[in-house]
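A.B. asks: Just to be clear, the model below is a prediction. Sequence and coordinates:
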Amino acid sequence: MKFLDRFFERSSRHVANTTGRRQFIAKFGSLMAVGVAAPALLPIDRTGKALAAGEASAGDPGDPTSCDYWRYCSVDGFLCSCCGGSVTTCPPGTESSTVTWVGTCRNPADGIDYIISYNDCCGKHSCAQCACTRNDSEEPMYRPFNNNDINWCLGTESSVYNCTVAVIKGVAS
Amino acid sequence: MMHLTKKLACCLMVASSFIAATANARLPNETVGSTTLPLPDDHRSYMVDFEFNNMVSTRIAVIDPDKQKYLGMIPTGHAAPATLSRDRKTIFTADFFFTRYVRGERTDVLTAWDSQTLSPKWELEVSSERAFTLTERFSLATSSDDKFVYIYNFTPSTTVTVVDTTKQEMVNEIAINGCILNYPVGERRFASLCGDGSLQLITLDDNGKEVDRSKTTFFDPDKVKLVERATVVDETYYFVTTLGEVVPVDLSGDEPELLPRWSLVTEEERAEGWAPGGWQLLTAAPGLNRLYVLMHPDHKAYNWEDPSQTIWEFDLETGERLGTLESPNLIWSLNATSDDKPLLLGANIEGGLEIFELSTGEHTGTMEGVTKTPTLILNH
């Protein structure tokens, strides 16, 4: 959610030069959806169960509760890993969206570009923890699948947004 | 001397007795009253509060910016978009609610609020498809005669629900595949912005049935990012690209007329890093024929929706830059009133309202903390 660049935690490298922006991040909490940085993106019907969250490893480095974690390169919203879930699981009592976004993020450990599905977890109101936005190539809303000003809690029992996960779906060609 | 002192003492005793008697008088019993507002004047303002940290229970703050007075509040459901009737009597909101707060059965309604009592006059249940986005000014709109209200839906397929306010009936739902929003045009038309770079214009009859549809090539989405959050004067819409090109289109005729485009920034200014940015980042003051745009001095592509403290003022006819307004706080969305002595209003990121008197360019005040996360300001 680029519009919240000054409200959300983007990542330390983006905000480090403007302490003022952190103030805005602290003031404004949430928003929903997830956007996508890469072109030619399609929504993913994520009907399968997310894999259990893994601990940081040599092959998957970084802190999943930090906006700087590599998988969050196109995330926009609250990180489920701070909300009672994990990087791949929704918090207790929430439901993952069936329509979503994907992004392409480079894993610094192996240099491979992975396709990351950002699913919103829905059914409870804003988690309001670890707000993070790192979408650097958002498009206006006439390209909705490249826009993150939209709540993507669609096709779920409830359209109320709680947080967002980041699930590896494959390797980008 | 002694005589004067006695007189003074006497007077003081009488005065103190009177004060004591007054203080001991019992105040009359009271009853609780209610407040009814006058019909909105030119400056009545409505701040749409999205409240990111709880988008379930949202609101519109109703404000008199001249007196810097909070007039009242309209509670809305799930970040409802809002629009004002042209006759100033009604505020429409497109709400939805779950029976169990965040779960249970979802009910979508168009709510018609009385602009003087701030109470619902009527509501109409509509299909549960309303777009849930950061509040877009043109996701809910009225026809110029207030007969129709258009509701933008996103499921993610896109449609527009047409409500006849005179019958209080949902009379149509029109597919606008590949296009978004509903920019009202006159009594029986609305436009939508399409992902292929076209502008789609749909004409209705008096029953809300579609009688015509056309598409006009408008911009190249592979070359520019055209911000969908336009401003309108009469039936001419002014869009802006993320690099600062103003893209006007006159929709008053049978066919859209693409007007000459002009730039907010010179090449030198662009090279220095100047570019527009914000949520509702531009607004027009038709009484002065001027355009106001939030500008970033250090723009990067990824902050095209960020707030700013700097507002540039332009002559809408010539494109000449007339001046700069500076806000004490970061503003995310702008709106100017439509009268001849207009105010420029800004929603700051602290939830406050910034007020500028445009005849002088003076910043006349900040109403702090009147909302939580304001996304739009609406004026009659």
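C.D. replies: That came through, no problem. Residues are numbered from 1 along each chain as shown, chains lettered A, B, ... in the order given.
A.B. asks: Residue ranges in the chain under the pLDDT threshold?
C.D. replies: Going with chain A. A:1-56, A:135-137 (pLDDT under 70).
A.B. asks: my bad, chain B
C.D. replies: B:1-23.
A.B. asks: can you pull out the helices in it?
C.D. replies: B:2-24, B:267-272 (DSSP state H).
A.B. asks: In the last one, which residues are buried?
C.D. replies: Under the neighbour-count criterion of 16 or more other C-beta atoms under 10 Å in any protein chain shown, helix B:267-272 has residue B:269 buried. No exception for glycine: its C-beta is placed from N, CA and C like everyone else's.
A.B. asks: Using CSV, list the CA coordinates for that helix.
C.D. replies: Output of helix B:267-272 as CSV, limited to C-alpha atoms (Å, rounded to 0.1, in the frame of the first residue of the first chain):
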residue,chain,number,x,y,z
GLU,B,267,11.8,20.0,-16.8
GLU,B,268,14.0,21.7,-14.3
GLU,B,269,11.5,21.1,-11.5
ARG,B,270,11.1,17.5,-12.5
ALA,B,271,14.9,17.0,-12.5
GLU,B,272,15.0,18.5,-9.0
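A.B. asks: name the helices or strands packed onto it?
C.D. replies: On a contact count with 3 or more C-beta pairs under 8 Å, 6 or more residues apart in numbering or on different chains; DSSP states H and E, helix B:267-272 meets no helix or strand.
A.B. asks: Run through who's touching it.
C.D. replies: If you take C-beta atoms under 8 Å, 6 or more residues apart in numbering or on different chains as the criterion, helix B:267-272 is touched by B:243-244, B:297.
A.B. asks: Repeat that for stretch B:231-238.
C.D. replies: Taking C-beta under 8 Å, 6+ apart as the rule, stretch B:231-238 contacts B:183, B:185-186, B:191, B:230, B:246-252, B:259, B:282-284, B:286, B:289, B:291, B:316.
A.B. asks: And for stretch B:310-325?
C.D. replies: B:233, B:238, B:246, B:262-264, B:284, B:289-297, B:326-327, B:331, B:334, B:344, B:346, B:356, B:361, B:363.
A.B. asks: returning to that earlier point: please narrow the contacts of stretch B:231-238 to those residing in strands.
C.D. replies: Mapping the contacts of stretch B:231-238 onto strands (DSSP state E) picks out B:183, B:185, B:191, B:230, B:246-250, B:282-284, B:291.
A.B. asks: Could you turn the buried ones of those into a ChimeraX selection?
C.D. replies: Buried residues among these (16+ other C-beta under 10 Å), as a ChimeraX selection:
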select /B:183,185,191,230,246,247,248,249,282,283,284,291
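A.B. asks: Name the nearest of the ones in strands among the contacts of stretch B:231-238 relative to chain A.
C.D. replies: residue B:230 (11.0 Å; C-beta to the nearest C-beta).
A.B. asks: Correct me if wrong: residue B:71 contacts residue B:62.
C.D. replies: Yes: counting by C-beta atoms under 8 Å, residue B:71 touches residue B:62, with 4.4 Å between them.
A.B. asks: shared neighbours of these two, anything?
C.D. replies: By C-beta under 8 Å, 6+ apart, the residues touching both residue B:71 and residue B:62 are B:37, B:44, B:118.
A.B. asks: Next, find the distance separating residue B:232 from chain A.
C.D. replies: To chain A, residue B:232 is 17 Å away according to C-beta to the nearest C-beta, to the nearest Å.
A.B. asks: And residue B:79, by the same measure?
C.D. replies: 8 Å.
A.B. asks: tell me the contacts of that residue?
C.D. replies: Counted by C-beta under 8 Å, 6+ apart, residue B:79 has contacts B:50-51, B:55, B:58, B:132, B:134-135.
A.B. asks: Can I take it that residue A:138 is in a strand?
C.D. replies: No: using DSSP: H, G, I helix; E, B strand; the rest coil, the assignment for residue A:138 is coil, not a strand.
A.B. asks: count of residues packed around it?
C.D. replies: 25 (other C-beta atoms under 10 Å in any protein chain shown).
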